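Colleague: Sequence and predicted structure, then a few things I'm wondering about:
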Amino acid sequence: MKYLTLVSAFCILVACSHPNTPAASIAPAPAAVENETAPAGLMAPVEDAVVSDAKMVTEQPAADVPDQKIIRTARIVYSVEDFSVAKKRIAGIVSKSGGFILAETQHGDGTQIRNQLDIKVPAKAFDSCVESLTSGVSRLDEKSINSQDVTTEYVDLDARMKTRVATEQRYLEILKQAHNVKEVLEVEAQLKSIREEIEAAKGRLQYMDRQASYSTIHLEYYQVLALSSPEAPGFFPRAWLALHEGWNNVLGLLIDGMSWWPLILVAVFLFIFIRRRRRKNKALAA
């Protein structure tokens, strides 16, 4: 037993002295090529740049959001007792409000004189200007105020324009890397389209800025001069105007009748034909 134990211990020591080495015999995997890159077209980087720029624009902080853009307009129509006095009064109100008269159309027809104004006033002075223009008016025919909120359109258009501007810069960088005429023409065509969109967006934004910063008032006032209106002048001027209006009515009927000349001409020919036919029949009967 003593010798058997020694032999067994010797065999165990021999077995431990030869470690397994199958893993060392495995060949290493081939290393990947580090500097290999897929060929890319000249225009390929632009799409990723556009996505990145759009994401940047949509993630802007709330502090960059502009104030509300509200376009306000008013329409006012009323009569006045003295046209010249009203004209001076309205000009003074507009000037005091910091506005200006954009357009003016004055006309009359003998019975009344009328003036139509397009007025621009700062948005902050809009309510006070409308109140001043309508105060003390004896007869107000119309007063309407409209408001249009274009804030959402403004913010969306501004974000799109910023994205287009960033895209334009990417194309300019790519244009420097063009190798032939074809690539240059392709990039320039894209740049032209993008610049047109940027200019259109800028124009629209400037228009909304102007419309929101300056409100519009369409004012129309008139003075009645003739006939039964209590604002008309005395008896003799009114009588003269009545005679003049009657003569104009006669002339109007004559002019309207002249427009029916084909029918009048046919009626005259029929009258002459029938009259001659009757005379001829009477002569034969006699």
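Modeller: That came through fine. Residues are numbered from 1 along each chain as shown.
Colleague: doesn't Ser132 make contact with Ser97?
Modeller: Yes. Using CB atoms under 8 Å, Ser97 is in contact with Ser132, at 7.5 Å. Glycine gets a C-beta too; all of them are placed from N, C-alpha and C.
Colleague: neighbour-wise, which of the two wins?
Modeller: Ser97 (21 against 17; other CB atoms under 10 Å).
Colleague: residues contacting that one?
Modeller: 121-122, 125, 128-129, 132 (CB atoms under 8 Å, 6 or more residues apart in numbering).
Colleague: For these, give me JSON lines that also has distance to Val165 and pLDDT.
Modeller: Shown next, in JSON lines, are the contacts of Ser97 (distance: CB to CB, whole Å; pLDDT from 0 to 100):
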{"residue": "Val121", "distance to Val165": "33", "pLDDT": "94"}
{"residue": "Pro122", "distance to Val165": "30", "pLDDT": "94"}
{"residue": "Ala125", "distance to Val165": "35", "pLDDT": "93"}
{"residue": "Ser128", "distance to Val165": "39", "pLDDT": "94"}
{"residue": "Cys129", "distance to Val165": "38", "pLDDT": "94"}
{"residue": "Ser132", "distance to Val165": "43", "pLDDT": "93"}
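Colleague: Show me which of these is closest to Ser144.
Modeller: Of all the contacts of Ser97, Ser144 sits closest to Cys129, with 15.1 Å by CB to CB.
Colleague: where does the stretch 101-250 of the chain dip in pLDDT?
Modeller: Counting by pLDDT under 70, the stretch 101-250 of the chain has low-confidence residues at 226-238.
Colleague: And the helices in it, which stretches?
Modeller: With DSSP state H, counting those that start in this stretch as the criterion, the stretch 101-250 of the chain has helices at 126-134, 151-175, 181-213, 235-258.
Colleague: And the pLDDT for Pro61?
Modeller: If you check Pro61, the pLDDT there is 45.
Colleague: wait, Thr5
Modeller: pLDDT at Thr5 comes out at 49.
Colleague: What of His18?
Modeller: pLDDT recorded at His18 is 47.
Colleague: on that earlier part again, okay if I get the contacts of Ser97 as JSON lines plus distance to Arg164?
Modeller: JSON lines is the format used below for the contacts of Ser97 (distance: CB to CB, whole Å):
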{"residue": "Val121", "distance to Arg164": "34"}
{"residue": "Pro122", "distance to Arg164": "31"}
{"residue": "Ala125", "distance to Arg164": "36"}
{"residue": "Ser128", "distance to Arg164": "40"}
{"residue": "Cys129", "distance to Arg164": "38"}
{"residue": "Ser132", "distance to Arg164": "44"}
